[in-house]
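# Here is my input; please provide its structure:
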Amino acid sequence: MSAKALSNVTILDLTWVYSGPYCASLLMDLGAEVIKIEAPPYGDHTRTFPPFKNGHSGYFYQLNRGKKSIALNLKTEDGKKIFFDLVKKADVVIENFVPGAMDKLGIGYDVLKELNPRIIYGSIHGFGTWGDYSGWPAVDPVAQAMGGLMSLSGFPGGPPIKTGPAIADAISGLYLALGLVSALYELKATGKGKRIEVGMMDAVFACLEESVIRASMTGDALPSRGNTDPLGAPWDAFHTKDDKWVMVCAIGGDNCEKLFNAIGRTDLAEQYKGNDEESSNRRSDNLAFLNNSFAEWAVTKDSEELMEFFHDLKMPCGVVKDVYELLSDPHLNARNMVVDIKHPKLGDVKTFNNPIVFDKKSVGISPSENQLDPELGQHSKEILKKMLNLSDEAIEALYSSKAVWK
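A predicted model of the protein is given here:
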């Protein structure tokens, strides 16, 4: 098997919970060696997040598979020295603590870049390291709220709704991963590292699609609109005869005309056709009516019939699937997005793979792999020997002083 893109990169991962570990996981899939530095005696908080089996967290597994763990007490002088020595050998350090926490420990970027001018330092914070809100604590729903996403979710007239999964964490991790890969590329030309940060509120705000420029142009905030969108009509999740839901997105005037002609509503096809500004506004202003008109027809069809109908028209649609259905989805399985793992504690489980594909091969878990997550401090001795060339006696002394835990 050929080497992966980041196979010569070593990352010291001090992050916890979701955003940072997700970022590090993406880079691990791209070939980086990720050394998870955890604070003893408990480590990453997600070790205590459900679901559990045999006392082991499935949540922790999915974000930390393939990584190595060293349990390092950074509040001790010996622990800091070990960390500094690791930094001298590493390429990247990432953290997602409250801004200033690393500086208070004496291990912030200004210190680390003196030890290793090539070090790339990445961080994720709720609101960044400067600005009116910097220093405020944040978790995913807070970033969704402050970044505007919750104001756009939910249904008109209802309360604001967060997304189900922690999307603010995920996109913050993606943005930092992109920044780190870019910095590693630049490092080849400059020989100098740099500091990169992502604010979770910033990351959410940057993903609000046209609502930002719309608010600027009109002076009005876009209200929540459920599953609808003014980009097309009909546009919504429609209930079917077999009690399922199908998401329909008839974007533009041509699709609107084609769709209503196909279901025998030639009157609506004629009235709402066209791709000019006036026609687009007419469809948008009457979207609820057009959706209701289509819903009356859609509910007489099974979901498979509806899907076949739209595929014949070459229009986008999709059955709303739950996660359990997706585990056996033939398309995801054909693309190796669902992977089987034999875990010593979790048993036989399935998890998602990395969606990046190079030459038809996922950069994540290959079908023959069985990536596991590390126990707290599982690789402490290995890392100290391999990276720092410490003797068994020196390592035992670190164990005795509680600077490093087994």
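# So the most centrally placed residue in the chain versus Val204, what's the distance?
In the chain, the C-alpha nearest the mean C-alpha coordinate belongs to Ala170, at 2.3 Å (CA atoms, centre = their mean). Ala170 sits 11 Å away from Val204, going by CB to CB, to the nearest Å. Any C-beta I mention is one placed from the backbone N, CA and C, and that applies to glycine too.
# what do you get for Ala71?
Ala71 is 33 Å from Val204, by CB to CB.
# quick one, which of the two is more surrounded?
Higher neighbour count among Ala71 and Val204: Ala71, with 26 against 22, using other CB atoms under 10 Å.
# The host helix or strand of the more buried one packs against which elements?
Under the criterion of DSSP states H and E, Ala71 resides in strand 68-72. In terms of contacts (3 or more CB pairs under 8 Å, 6 or more residues apart in numbering; DSSP states H and E), strand 68-72 is packed against strand 33-38, helix 77-89, helix 380-388, strand 404-405.
# Give me the angle between the longest one and strand 68-72.
Put plainly, it is helix 77-89. 140 degrees (axes from the mean of the first three to the mean of the last three CA atoms, to 10 degrees).
# Which strands or helices does helix 77-89 pack on?
strand 10-13, strand 33-38, strand 68-72, helix 109-115, helix 380-388, helix 392-401, strand 404-405.
# go on, the first one?
Secondary-structure packing of strand 33-38 (3+ CB pairs under 8 Å, 6+ apart): strand 10-13, helix 19-29, strand 68-72, helix 77-89.
# The second one packs against which elements?
Of the remaining helices and strands, those touching helix 19-29 by 3+ CB pairs under 8 Å, 6+ apart are strand 10-13, strand 33-38, helix 58-64, strand 92-95, strand 120-125, helix 167-190.
# Please tabulate those in JSON lines, including the columns mean pLDDT and distance to Thr48.
Below are these laid out as JSON lines (pLDDT from 0 to 100; distance: least, CB to CB, whole Å):
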{"stretch": "strand 10-13", "mean pLDDT": "98", "distance to Thr48": "18"}
{"stretch": "strand 33-38", "mean pLDDT": "98", "distance to Thr48": "13"}
{"stretch": "helix 58-64", "mean pLDDT": "98", "distance to Thr48": "8"}
{"stretch": "strand 92-95", "mean pLDDT": "98", "distance to Thr48": "20"}
{"stretch": "strand 120-125", "mean pLDDT": "98", "distance to Thr48": "21"}
{"stretch": "helix 167-190", "mean pLDDT": "98", "distance to Thr48": "17"}
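# Including distance to Pro316, could the ones you listed go into a markdown table?
Putting the helices and strands packed on helix 19-29 into a markdown table (distance: least, CB to CB, whole Å) gives the following:
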| stretch | distance to Pro316 |
| --- | --- |
| strand 10-13 | 38 |
| strand 33-38 | 37 |
| helix 58-64 | 29 |
| strand 92-95 | 37 |
| strand 120-125 | 33 |
| helix 167-190 | 21 |
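# would you list every one of the strands in the stretch 201-350 of the chain?
232-239, 245-251, 317-319, 338-343, 347-352 (DSSP state E, counting those that start in this stretch).
# I'd like these laid out as JSON lines, including mean neighbour count.
Below are the strands of the stretch 201-350 of the chain laid out as JSON lines (neighbours: other CB atoms under 10 Å):
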{"stretch": "strand 232-239", "mean neighbour count": "23"}
{"stretch": "strand 245-251", "mean neighbour count": "20"}
{"stretch": "strand 317-319", "mean neighbour count": "16"}
{"stretch": "strand 338-343", "mean neighbour count": "16"}
{"stretch": "strand 347-352", "mean neighbour count": "14"}
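# Break this structure into its domains for me.
10-206+333-405, 232-239+245-319 (automatic domain parsing).
# Tell me which of those domains sits nearest to Gly226.
domain 10-206+333-405 (4.1 Å; CB to CB).
# from the middle of its chain, how far away would that closest one be?
Remark: domain 10-206+333-405 is offset 12 Å from the chain centroid, using CA atoms, centre = their mean, to the nearest Å.
# Over to it now: how far is its first residue from its last?
21 Å (CA to CA, to the nearest Å).
# before we move on, what about stretch 40-54?
With CA to CA, one end of stretch 40-54 sits 21 Å from the other.
# Tell me the buried residues in that stretch?
Residues Pro40, Gly43, Asp44, Thr46, Arg47 are the ones in stretch 40-54 that count as buried (16 or more other CB atoms under 10 Å).
# And stretch 258-273, by the same measure?
Those would be Lys258, Leu259, Phe260, Ala262, Ile263, Arg265, Leu268, Ala269, Gln271, Tyr272, Lys273, for stretch 258-273 by 16+ other CB under 10 Å.
# Let me have the residues you listed in JSON lines, extended by pLDDT.
Formatted as JSON lines, the buried residues of stretch 258-273 follow (pLDDT from 0 to 100):
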{"residue": "Lys258", "pLDDT": "97"}
{"residue": "Leu259", "pLDDT": "97"}
{"residue": "Phe260", "pLDDT": "98"}
{"residue": "Ala262", "pLDDT": "97"}
{"residue": "Ile263", "pLDDT": "97"}
{"residue": "Arg265", "pLDDT": "97"}
{"residue": "Leu268", "pLDDT": "97"}
{"residue": "Ala269", "pLDDT": "97"}
{"residue": "Gln271", "pLDDT": "96"}
{"residue": "Tyr272", "pLDDT": "96"}
{"residue": "Lys273", "pLDDT": "96"}
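# That concludes my questions; thank you for your assistance.
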